[in-house]
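Asker: how would this look folded up:
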Amino acid sequence: MSTADRRPDLDSRENIEFFVDRFYERLLADEQLAPIFVDVAGIDLKVHLPHIKDYWCKLLLGDKRYQRHTMNIHRQLHGKRPLRTGDFQRWLAFFTTTVDAHFAGERAERAKQVAASIAANMEHSLPT
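Answerer: I've put the predicted structure just below:
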């Protein structure tokens with residue numbers, strides 16, 4: 001990160017919460033991904049977003065609040081509507097561009113690397 005870069009890092013719960021809110025605004029406005037979250041998964045944002053914020057706080061800050069098994073949740077979703085390569089690629093593109101638009105630093109870079117691994121692992125673990 002250059003000294004001229006004033007974007008904060010994903011180094012606090014507040015920053016992670018801001019990121020997750022911006023990221024989900026984009027996902028839920030997307031014609032490809034929104035139906036997966038809204039129609040298939042039927043997420044309730046008041047319930048879902050705190051889980052996602054806890055998840056990223058666990059991965060980036062070591063927070064212990066998130067105790068769910070992510071893969072099982074996505075297997076159930078995949079059983080309702082198969083998740084495809086394009087879905088994972090689009091999700092990752094939104095993730096990366098949202099991070100880059102608002103954040104810079106070691107943890108921001110780590111978040112993008114972790115997200116790429118998550119997308120690849122899920123894509124390869126879910127039967128097509």
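
Asker: next, the contact list for Ala120, please.
Answerer: Shown in contact with Ala120 (CB atoms under 8 Å, 6 or more residues apart in numbering): Phe88. All C-beta atoms are positioned from the backbone trio N, CA, C, and that covers glycine.

Asker: what ranges does the protein have for its helices?
Answerer: 13-27, 34-35, 45-61, 70-80, 85-102, 106-125 (DSSP state H).

Asker: mean confidence (pLDDT) on the last one, please.
Answerer: What it means is helix 106-125. Averaged over helix 106-125, pLDDT sits at 94.

Asker: which strands and helices lie in contact with the helix or strand of the chain with the lowest mean pLDDT?
Answerer: Every helix and strand of the chain was ranked by mean pLDDT, DSSP states H and E. The lowest is helix 70-80, at a mean of 74. Here helix 70-80 touches helix 106-125, going by 3 or more CB pairs under 8 Å, 6 or more residues apart in numbering; DSSP states H and E.

Asker: in the helix it packs on, what counts as buried?
Answerer: Residues of helix 106-125 classed as buried: Arg107, Ala108, Glu109, Ala111, Lys112, Ala115, Ile118, Ala119, Met122, Glu123 (neighbour count, 16 or more other CB atoms under 10 Å).
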